[in-house]
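*Asks:* what would the 3D arrangement of this be:
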Amino acid sequence: MTTPDRTVWRTELDRRSRTAGIGGLAHRLRHPVRTSYPSTRTLRARRHRGEGRPSTTRTFWGQEMTIALPEEVSISLHRRGYVDYDLTAFLLSHLRPGMTVLDVGAHIGYYTMLSAALVGPGGTVVAFEPTPSTLTVLRANAARLPQISVVPSAVWSRRDELVFYDRGLGYSAYNSAFEARLPDVVRRRVPSEPIPVDAVSLDDHVAAAGLAVDFVKIDAESAEAHVLAGMRDLLAGRGPVLSLEVGDLDVADAPASRELVDTLLGAGYAPWELRRGAPVPHAPQDRYAYQNLLFAPVGRDLASPATRGSHAAHPPHPLPTKEA
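*Replies:* Numbering: from 1, shown residues only. Alright, predicted model coming up:
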């Protein structure tokens, strides 16, 4: 990927993010069908009925991608061509050709596809996703770029077989080994079918594949503590940058987000938050609303262009032992 491509893509992302005012009106007029049909009300009704079907769209960088309307990530991609402005903008500035990225909880593959476009054919992206229906869409997307490999497993603290809860294609973003990260009133009406899935640890997979990992995206729907427990060697050794989804919705048997933050602090990592895609140092909070935090080895300045794509020295700090 060339520098002009990266700049053009960021400009297009910024343009699409301006959904209010004159800029948003211009976007809706330019793409009237995509931005208004089917209506959000219609899509939500289909999701509540458990309906869903694959279709295609184009991302903000021009990549054709298979989606699964009326699933909510797919709605965002259909309407705007991106998901989560902050993390998307950070990846545009941080990922470099030749890097290796692990996408934990890849879902239908938005971050998998974006990462693959940024690391290029000389890079590697490994996408972990265990749910069969979601895997079908993810594999259709992964087949478009040869630098992507798909692992049809959950990520856990050790190799295991788990009971996973499939919420149907419409709510597939919430498939998990735990109850859905949704408000109680929504959670009660969402279908939840238990299915067996294989699980692997990142340390085992990285060692077996001989990977030198640069970045890990973790969105594991309340399994983040188990993911971190299974990557102690990776954190203490190579020291990749992480993105970690946090948000306290009082899910049974899932630790508070502050516990995840403290685990990474104990492993020698410093937290960062994103403001309009730019990383700034983060002060840990007692309770978190939904967001993606970044973590980098202490001493590595994510805000400095000089450290992007490089690994600073990372003194080993073993993760506190957790019962898996």
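
*Asks:* what about residue 66, which SS state?
*Replies:* strand (DSSP: H, G, I helix; E, B strand; the rest coil).

*Asks:* my error: substitute residue 136 in the last question.
*Replies:* When the structure is split into helix, strand and coil by three-state DSSP, residue 136 lands in helix.

*Asks:* list the contacts for it?
*Replies:* The contact partners of residue 136, taken as Cβ atoms under 8 Å, 6 or more residues apart in numbering, are residue 54. For the C-beta atoms, the positions are set from N, CA and C on the backbone; glycine is no exception.

*Asks:* equivalent analysis for the one 4 residues further on, please.
*Replies:* Under the criterion of Cβ under 8 Å, 6+ apart, the contact list for residue 140 reads 54, 66.

*Asks:* cutoff 10 Å now
*Replies:* Residues counted as contacts of residue 140 (Cβ atoms under 10 Å, 6 or more residues apart in numbering) are 54, 56, 65-67, 108-109.

*Asks:* which of these are buried?
*Replies:* 65-67, 108-109 (16 or more other Cβ atoms under 10 Å).

*Asks:* how about CSV for these, with pLDDT and distance to residue 229 added?
*Replies:* Shown next, in CSV, are the buried ones among the contacts of residue 140 (pLDDT from 0 to 100; distance: Cβ to Cβ, whole Å):
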residue, pLDDT, distance to residue 229
65, 98, 32
66, 96, 33
67, 95, 33
108, 95, 27
109, 97, 26
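
*Asks:* can you tell me how far the residue nearest to residue 240 when sequence neighbours are not counted sits from residue 266?
*Replies:* Nearest non-adjacent residue to residue 240, counting by Cβ to Cβ, 6 or more residues apart in numbering: residue 213, 4.6 Å away. Separation of residue 213 from residue 266 (Cβ to Cβ, to the nearest Å): 20 Å.

*Asks:* tell me how far residue 128 lies from residue 196.
*Replies:* Applying Cβ to Cβ, the value for residue 128 to residue 196 is 16 Å.

*Asks:* for the two, work out which one has more neighbours and name it.
*Replies:* Neighbour totals were compared for residue 128 and residue 196, and residue 128 leads with 24 against 9 (other Cβ atoms under 10 Å).

*Asks:* distance of the more buried one from residue 143?
*Replies:* Distance from residue 128 to residue 143, counting by Cβ to Cβ: 17 Å.

*Asks:* residue 195 now?
*Replies:* Look at residue 195 and residue 143: by Cβ to Cβ, they are 24 Å apart.

*Asks:* which one of the two has more residues nearby?
*Replies:* Taking neighbours as other Cβ under 10 Å, residue 195 and residue 143 compare with residue 195 leading, 14 against 11.
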